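Undergrad: I would like to see how this sequence folds:
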Amino acid sequence: MTLKQTLLALDVMDSGYVTGEKVKELFNEYKDVSVTVTVVKGDKGSTDFIKIVVPGTNGKSKGGDAPTFGIIGRLGGIGARPTRIGLVSDADGAVAAVASALKLAEMQTRGDSLKGDVIITTHICPDAPTRPHEPVDFMDSPVDILTMNQHEIVPEMEAILSIDTTKGNRVINHKGIAISPTVKEGYILRMSEDLLRIMEMTTGQLPVTFPITMQDITPYGNDLYHINSILQPAVATDAPVVGVAVTAQSAVPGCGTGASHEIDIASAVRFSVEVAKEVTNGTCEFYNKAEFDRILSLYGSMKVLQTSGKQ
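TA: As a prediction, the model looks like this:
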């Protein structure tokens, strides 16, 4: 069950006074879980980056060799105050990330520890700016995407799920969650069969995927159209990244309020927790390593797409 953790995270974040420290307090009873909060100021305000480490029984933080898994809650801000009152749709990524951490932390107290470490990162900003985007307005952020990646991408992450509200488009048209193909080192790879299997299991439905383009996996700031920031972590790491989109049937602006659906967020949390179990246990692969080596030998590196390109 992940709805309890989702509701708890939603309740804390649906406030104009929320801070990273208030989110950190949710983990006070979990002594083995490490939580750090870093306040970062930008040109458009400030935000609180939060990093949560749930150690595994054979995790690298304890000298073990089990894989380390990463969950990133990607967003511009959880609120757009004072222009918008309340939690915005864009907050779903942060809520899902924190709820995933809460679920994993509680599992440990009930005898269900994972083998490997899980590192969860996101940021908390109740008063972020907005910006125009087609077909609906986006949330902006107090800090730039480079700063976000510096604080949310941890080198120890060996595979990453990036959770982001992805409702401001006309290409998904499904209410619930959807996943992207795997992105690694500038390549858009085939869908992971393991992730499709886990999605079928956790949703009880056929898996839903969404298309991404070359533009989507390039860094922000190059004046190219991006569906949103869901795959921006892929520009800052060589680890495989898969986007977990919280989706809607209609086009919903990221700065829209009253648009966060707890059942859909809980579905993203359930999926992320099950992926964390299997990745750290070595039973889930984000990509076929032999095929990736083959594509590199045939076509060479595509890391140029992780850069800003020719200026």
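
Undergrad: use CA for all of it now, contacts and neighbours both
TA: OK.

Undergrad: The stretch 1-150 of the chain: helices as residue ranges?
TA: Assigned by DSSP state H, counting those that start in this stretch, the helices in the stretch 1-150 of the chain fall at 3-13, 20-24, 92-109, 145-152.

Undergrad: Poorly predicted segments of the stretch 1-150 of the chain, please.
TA: When residues are selected by pLDDT under 70, those of the stretch 1-150 of the chain lie in 136.

Undergrad: which stretches of it form strands?
TA: 34-42, 45-54, 69-73, 118-124, 130-131, 138-139 (DSSP state E, counting those that start in this stretch).

Undergrad: Rebuild these as a markdown table, extending it with mean neighbour count and distance to Thr165.
TA: Formatted as a markdown table, these follow (neighbours: other Cα atoms under 10 Å; distance: least, Cα to Cα, whole Å):
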| stretch | mean neighbour count | distance to Thr165 |
| --- | --- | --- |
| strand 34-42 | 15 | 23 |
| strand 45-54 | 22 | 18 |
| strand 69-73 | 27 | 9 |
| strand 118-124 | 28 | 13 |
| strand 130-131 | 16 | 15 |
| strand 138-139 | 24 | 10 |
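
Undergrad: Please convert those to TSV, extending it with distance to Ser308.
TA: Shown next, in TSV, are these (distance: least, Cα to Cα, whole Å):
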stretch	distance to Ser308
strand 34-42	21
strand 45-54	24
strand 69-73	22
strand 118-124	24
strand 130-131	21
strand 138-139	22
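
Undergrad: hmm, back to that, deepest-packed of the helices of the stretch 1-150 of the chain, please.
TA: Among those, helix 92-109 has the highest mean neighbour count (mean count of other Cα atoms under 10 Å), at a mean of 26.

Undergrad: Just the CA trace of that one, in PDB.
TA: Only the C-alpha atoms of helix 92-109 are listed here, as PDB (Å, rounded to 0.1, in the frame of the first residue of the first chain):
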ATOM      1  CA  ASP A  92       3.300  15.500  -8.200                       C
ATOM      2  CA  GLY A  93       7.000  14.600  -8.800                       C
ATOM      3  CA  ALA A  94       8.100  15.800  -5.400                       C
ATOM      4  CA  VAL A  95       5.100  14.200  -3.700                       C
ATOM      5  CA  ALA A  96       5.800  10.900  -5.400                       C
ATOM      6  CA  ALA A  97       9.500  10.900  -4.500                       C
ATOM      7  CA  VAL A  98       9.000  11.700  -0.800                       C
ATOM      8  CA  ALA A  99       6.200   9.200  -0.600                       C
ATOM      9  CA  SER A 100       8.500   6.500  -2.200                       C
ATOM     10  CA  ALA A 101      11.100   7.300   0.500                       C
ATOM     11  CA  LEU A 102       8.500   7.100   3.300                       C
ATOM     12  CA  LYS A 103       7.300   3.700   2.000                       C
ATOM     13  CA  LEU A 104      10.800   2.300   1.800                       C
ATOM     14  CA  ALA A 105      11.700   3.700   5.200                       C
ATOM     15  CA  GLU A 106       8.600   2.100   6.800                       C
ATOM     16  CA  MET A 107       9.300  -1.200   5.000                       C
ATOM     17  CA  GLN A 108      12.600  -1.400   6.900                       C
ATOM     18  CA  THR A 109      10.900  -1.200  10.200                       C
END
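
Undergrad: still on that earlier bit, tell me which of the strands of the stretch 1-150 of the chain approaches Ser162 most closely.
TA: Of all those, it is strand 69-73 that lies closest to Ser162, at 4.8 Å by Cα to Cα.

Undergrad: what angle separates that closest one from strand 118-124?
TA: Per axes from the mean of the first three to the mean of the last three Cα atoms, to 10 degrees, the angle that strand 69-73 makes with strand 118-124 is 10 degrees.

Undergrad: Are there helices or strands packed against strand 69-73, and which ones?
TA: helix 92-109, strand 118-124, strand 159-165, helix 262-281 (3 or more Cα pairs under 8 Å, 6 or more residues apart in numbering; DSSP states H and E).

Undergrad: Within its sheet, name the partner strands of the second one and how each one runs.
TA: So the one you mean is strand 118-124. Each strand paired with strand 118-124, and its direction, by DSSP bridges: strand 45-54 (antiparallel), strand 69-73 (parallel).

Undergrad: Which positions in stretch 74-89 come out as buried?
TA: Along stretch 74-89, these residues count as buried under the neighbour rule (16 or more other Cα atoms under 10 Å): 74-81, 84-89.

Undergrad: wait, I meant stretch 187-201
TA: 187-189, 191-192, 194-195, 198-199.

Undergrad: Quick check: of those residues, which lies closest to Met107?
TA: Using Cα to Cα, those come closest to Met107 at Ile198, 18.8 Å.
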